[in-house]
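Got a predicted structure plus its sequence, pasted below:
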Amino acid sequence: MQLCDGESMISAADSAQLVDAGRYAREGYPHELWTRLRAEAPVAYCAPPGYRPFWAITKHADITQIASQPLRFSSAQGIVIGPADAPIVPSDMVVAMDPPRHGPMRRLTSRHFTPRAVRERRDEVERIAVEIVDAAATGGAIHECDFVESIAAPLPIAVVSLVLGVPSADWQLLFRWTNEVIGKDDPEFQLPGETPDQTSMRARRELHAYFGALIEQRRRDPQDDLVSELIRAEIDGEPLTRSQLLSYCELMVEAGNETTRNAITGGLLAFSEHRGEWEKLRDHPELLPGAVEEILRWVSPITHFTRTATEDCEIRGERIGAGEQVALFFASANRDEEVFDDPFAFRIDRHPNPHLAFGFGEHLCLGAHVARVELETIFRHLLARLEWFEVSGPVERLKSVVNGGVKHLPLRYRLT
Ligand code: HEM
């Protein structure tokens, strides 16, 4: 049902800006527009031509309210803004499930992601981070690198692979598939002649074939990894179907990789633009956990996820109809002036910092503690060893309305 009376509809230009992947790539996040929406139309109806209409939710309080009601606001009918003609395909991914299916599926792996379980992995993360930073060391000389490829991307790939049990020889494959699925709209990741959907479908087919083979291998020879555990797992006495197993592996690869990579890259960019905060952190390494939270708030690697209203409801006086889509702009909530003092200042000692970079409520990011440990570890080593750095070329951003990605960050630096 369409209840919008037209008054809450924002201009065609504003709507178009929210879904224009090319603009995100050229100019970064539309913070000016989000700021205006938070002030003037925090629950705004958007109907960009060619897209499924949606309500843009830009305030922190509204997003937490919606994300806490998974039965009224479903994740099962699409989780991102998309073209009007995109079919809604039922998904076996935990992120696209509602209660009561969601909880048991999430709990199958959640013990691997508790703070304690993650603490036990600290040594492995530490070892990989040291390897990465060692490989980028320059002695006393000044070198140039693509920070994304040399430093930000390898750590999350290695960590997700360790959790899943993917051998290191295949990590490069995961890098490519993540780029192609998440970056399907970006010409850099499309094969000649491919449409974005063809790119992501091809990459997903290859990823499923890979994990299909890994699953068969682990059935014969179980190891101490998540794939082996998922094979053994049961819900209501039934083992997971092949599709459920593959979806779980795919989600881990896609959710854990690009996001963390972009947080690391975005963090370094933030420090390059706020040198005082870098120096402050060097002088006070004990501020690192808080700095990581501020990086997450500042970068907000995921712009939005969506929900679909299952019944008519009202938010801030706007009537949202059953079946209508709401887009929760986490990245806007993280600049909400009602929640954050001076939200456009990057301050490593910001406290409190109730950011929504990991979402909120039922689907709160399962990998949040893993991501935090990765960020803390890599920045601890960079703070100790990166003696000097400057961005030495254009920052190339990903063409995507969901992932605020940086594809390439040319960096000139000296690292001991
Ligand atoms: C900085 C890094 C990360 C960011 C910003 C991030 C962001 C998010 C967000 C916003 C959601 C909420 C989805 C929703 O509300 O619909 C989410 C869910 C999820 N994330 Fe992350 N994530 C990160 C790292 C990771 C890592 C490292 C993993 C796994 C190794 C992971 C696994 C997941 C999973 C499985 C879900 C679905 C949870 C559920 O539906 O119950 N994420 N993430």
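Happy to help now that I have it. Owing to the predicted nature of the structure, the values given are computational and were not obtained by experimental measurement.

same question for the helix or strand where E294 lies, mean pLDDT?
Per DSSP states H and E, E294 falls inside helix 288-299. Confidence for helix 288-299, expressed as mean pLDDT, is 98.

same question, stretch 265-277
Stretch 265-277 carries an average pLDDT of 98.

Mind listing what's buried along it?
Of all the residues in stretch 265-277, those buried under the rule 16 or more other C-beta atoms under 10 Å are 265-272, 274, 277. Where you see a C-beta, it was placed from the backbone N, CA and C, and this is true even at glycine.

CA atoms only for stretch 286-305, dumped as PDB, please.
Taking C-alpha atoms only, stretch 286-305 is exported to PDB below (Å, rounded to 0.1, in the frame of the first residue of the first chain):
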ATOM      1  CA  GLU A 286      46.200   4.000  25.600                       C
ATOM      2  CA  LEU A 287      43.600   6.100  23.600                       C
ATOM      3  CA  LEU A 288      43.700   3.500  20.800                       C
ATOM      4  CA  PRO A 289      40.400   1.600  21.700                       C
ATOM      5  CA  GLY A 290      38.500   4.900  21.700                       C
ATOM      6  CA  ALA A 291      40.300   6.000  18.500                       C
ATOM      7  CA  VAL A 292      39.100   2.800  16.800                       C
ATOM      8  CA  GLU A 293      35.500   3.700  17.800                       C
ATOM      9  CA  GLU A 294      36.000   7.200  16.400                       C
ATOM     10  CA  ILE A 295      37.400   5.700  13.100                       C
ATOM     11  CA  LEU A 296      34.300   3.500  12.900                       C
ATOM     12  CA  ARG A 297      32.000   6.500  13.400                       C
ATOM     13  CA  TRP A 298      33.900   8.800  11.100                       C
ATOM     14  CA  VAL A 299      34.200   6.300   8.200                       C
ATOM     15  CA  SER A 300      30.900   4.400   8.700                       C
ATOM     16  CA  PRO A 301      31.900   1.800   6.000                       C
ATOM     17  CA  ILE A 302      28.300   0.800   5.400                       C
ATOM     18  CA  THR A 303      26.100   3.700   4.300                       C
ATOM     19  CA  HIS A 304      22.800   1.900   4.800                       C
ATOM     20  CA  PHE A 305      20.800  -1.300   5.100                       C
END
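
re the thing from before, near the ligand at all, the following helix or strand past the helix holding E294?
Sequence-wise, the next helix or strand downstream of helix 288-299 (DSSP H and E) is strand 305-309. Yes: contact of strand 305-309 with the ligand (C-beta under 6 Å from any ligand atom) involves F305.

Strand 305-309 - contacts with which helices or strands?
Packed against strand 305-309 by the contact rule (3 or more C-beta pairs under 8 Å, 6 or more residues apart in numbering; DSSP states H and E) you find strand 73-74, strand 325-328.

how about those strands in JSON lines, adding distance to I157, mean neighbour count and mean pLDDT?
Shown next, in JSON lines, are the helices and strands packed on strand 305-309 (distance: least, C-beta to C-beta, whole Å; neighbours: other C-beta atoms under 10 Å; pLDDT from 0 to 100):
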{"stretch": "strand 73-74", "distance to I157": "32", "mean neighbour count": "23", "mean pLDDT": "98"}
{"stretch": "strand 325-328", "distance to I157": "27", "mean neighbour count": "25", "mean pLDDT": "98"}
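
right, and those strands - which one's nearest E131?
With C-beta to C-beta as the criterion, E131 lies closest to strand 325-328 of the helices and strands packed on strand 305-309, at 37.0 Å.

Contacts for the closest one, please.
For strand 325-328, contacts defined as C-beta atoms under 8 Å, 6 or more residues apart in numbering pick out 18, 46, 52-57, 63, 66-67, 73, 77-78, 81, 304-309, 320, 359.
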